[in-house]
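>>> Next come a sequence and a model predicted from it.
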Amino acid sequence: MLDFLKNIGPTELIILVIILIVLFGAKAIVGLGKKSGETVKEVKKMKREFTEYIEADDDRKGVSK
């Protein structure tokens, strides 16, 4: 589906970034990057908490790993 992304080189990426800055503005791009980073951080936190919960549940049930 996204096979065309494999053929994008550095020149195309630079042009794409310039177009995005012109369309949305630098502040919007920076804000989007910040929000994306916060989202990734939150997902990692949730994954860690879920793993800890499952392991604690296994310990309570006496399940060996």
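Yes, it's here.
>>> Please count neighbours and contacts with C-alpha atoms only from this point.
OK.
>>> Spatially central residue in the protein, please.
With distances taken as CA atoms, centre = their mean, V40 lies nearest the centre of the chain, 4.4 Å away.
>>> I'd like the distance between that one and G33.
11 Å (CA to CA, to the nearest Å).
>>> Tell me which helix or strand comes right after the one helix or strand I14 maps to.
Here I14 sits within helix 10-24, counting by DSSP states H and E. Next in sequence after helix 10-24, counting helices and strands by DSSP H and E, comes helix 26-61.
>>> How far away from the center of its chain is that next one?
Taking CA atoms, centre = their mean, to the nearest Å, one finds helix 26-61 lying 10 Å from the centre of the chain it belongs to.
>>> Now do the buried residues in it.
By neighbour count with 16 or more other CA atoms under 10 Å, helix 26-61 contains no buried residues.
>>> any weak-confidence spans in the chain?
1-2, 63-65 (pLDDT under 70).
>>> at 90 instead, please
Counting by pLDDT under 90, the chain contains low-confidence ranges at 1-10, 12-13, 16-17, 20-21, 24-30, 32-33, 54-65.
>>> tell me the phi and psi of I8?
Note on I8: backbone dihedrals following degrees, to the nearest 10 are phi -80, psi 130.
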